[in-house]
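> This is a predicted model, with the sequence first.
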Amino acid sequence: MLKDDYARTIKAGWERTTYGKWVRDEGVATYEGWFVEDVWKLETAPWPRLGARACFVTIYPMMEGQRGMYVVDMDPGAKLEPIHHLYEQIIMVLEGHGTTELWQEGDDRKHVFEWGRGSIFSPPLNTWYRMYNLSNLPAKFAAINRAPAAMNEFHNAEFVFNCPYPFRDRFNGEDGYFNVAPMSQRDSRNIWETNLIADALATDLDPADNKVAAGTVTAFHMAGNTLLAHLSQWPVGRYHKAHYHGAGAMLLGLRSEGYVLLWPSRAGGKPYTTGHEDDVVEVPWGRGSVYSPPNEWFHQHFNTGKEPARHLAVRGGNAFSGAPLGQDAQETRVASVDTGEGGTLLAYEDEDTVVRQRFRDALERNGVENHMQDELYAPGYIRAHSREAGWGER
Ligand SMILES: [Fe+2]
């Protein structure tokens, strides 16, 4: 099967990488698979370098996308060890309340900012930072990073943690650096430039209909990173069109429930009716689930819960982060163009009818109304009739 060949091949290569060896030598708890159903259920164990319990997560496509991830549990009143590293990292607080103290190598002044459930921030590359749980309740956060890329590049994990170079082009001790920037602060690509999001569960997002009617998306860029990220939401009773692109995007479920289908684009747009059913990976999706679409695999998100679905996507991989802006822009464009027109977005009319039926069945089981109105399947309908036609958020 294409699916099993893929997992076997990349696992064999990954275990020989500097990052793969480092994770093993670090003696940390690890989790590996096609997806994490719920980060709250991961078993964490002491990670001495950070002074907290952690679990390192590797989803198979992350092995080729050079992304890393870990989840950290902080006890009430805990303070973590100060750390700095030559990899970019986006931190999302899953629960709890605390502060981060952050400073640049050689500076006396320490910057402090607060975080709570739903906060997202990114320590600028190689800055020192130390996290404190100030409350009498536990705190938990997920960190998505480029540690594998950095370690594999230098072939030396300790260098990544012990290089004193201050990247003052990214952070030079500016006042207000960790204030939430107004949404009006966009760069030339319409990406929100902010170094802190106070609550990713509640932040308003912008209209984006190309993958699902009445969907919303806001992309954001933090701390001068090459990593990009976005928050995306879509209505009750709806699902996205399938699309594919390069590996390295990491998706963390924030709200609602449902499932995600992943299958190799080599298996075509209709895997169920062309004998490739066994190549489809079905990810049980919901708050706290994590998955990562492999290189050039279709992925399709289904909301079967009773509220709008929302996720955080940290984009990366060869096609996205670190690539020249032109390449990044091109990849985004191709994923917004139908397969019939040279892109990688599978129009509803080209999808497997089995996909539709399975969605209807899942909604029925959950007692949720189906909002995939017949018109939405008509070619070009969503583009021609955006939310003005009444496809409002539900
Ligand atoms: Fe995608």
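Done, it's in. Keep in mind it's a predicted model, so treat the numbers as computed, not measured.

> Check the offset of stretch 45-64 from the chain's centre.
Mean-position distance between stretch 45-64 and its chain equals 16 Å (Cα atoms, centre = their mean, to the nearest Å).

> Name the residues of that stretch that are buried.
For stretch 45-64, the neighbour count (16 or more other Cβ atoms under 10 Å) marks 47, 50-64 as buried. (Each C-beta comes from the backbone N, C-alpha and C, glycine too.)

> what do you get for stretch 106-122?
Buried, per 16+ other Cβ under 10 Å, within stretch 106-122: His111, Phe113, Trp115, Arg117, Gly118, Ser119, Ile120, Phe121, Ser122.

> quick one on the thing from earlier: what is the nearest of the buried residues of stretch 45-64 to Trp297?
Pro61 (7.6 Å; Cβ to Cβ).

> and the closest one, which of the three is it?
Under DSSP: H, G, I helix; E, B strand; the rest coil, the three-state class of Pro61 is helix.

> isn't it right up against Pro293?
Yes: under the criterion of Cβ atoms under 8 Å, Pro61 makes contact with Pro293 at 6.3 Å.

> joint contacts of these two?
By Cβ atoms under 8 Å, 6 or more residues apart in numbering, Pro61 and Pro293 have these common neighbours: Ala247.

> And the strands in the stretch 201-350 of the chain?
For the stretch 201-350 of the chain, applying DSSP state E, counting those that start in this stretch gives strands covering 206-207, 216-221, 228-234, 250-255, 257-264, 281-286, 290-291, 297-303, 309-315.

> which of those strands sits most buried?
Highest mean neighbour count among the strands of the stretch 201-350 of the chain (mean count of other Cβ atoms under 10 Å): strand 290-291, with a mean of 28.

> For that strand, give the mean pLDDT please.
Throughout strand 290-291, pLDDT has a mean value of 96.

> Check which helices and strands it is in contact with.
strand 35-36, strand 52-59, strand 250-255 (3 or more Cβ pairs under 8 Å, 6 or more residues apart in numbering; DSSP states H and E).

> Now tabulate those strands in a markdown table and tack on distance to Leu137.
Shown next, in a markdown table, are these (distance: least, Cβ to Cβ, whole Å):
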| stretch | distance to Leu137 |
| --- | --- |
| strand 35-36 | 23 |
| strand 52-59 | 15 |
| strand 250-255 | 20 |
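
> Need the outlier residue of the chain, farthest from its centre.
The outermost residue of the chain, judged against the average C-alpha position, is Asp108 (34.1 Å), by Cα atoms, centre = their mean.
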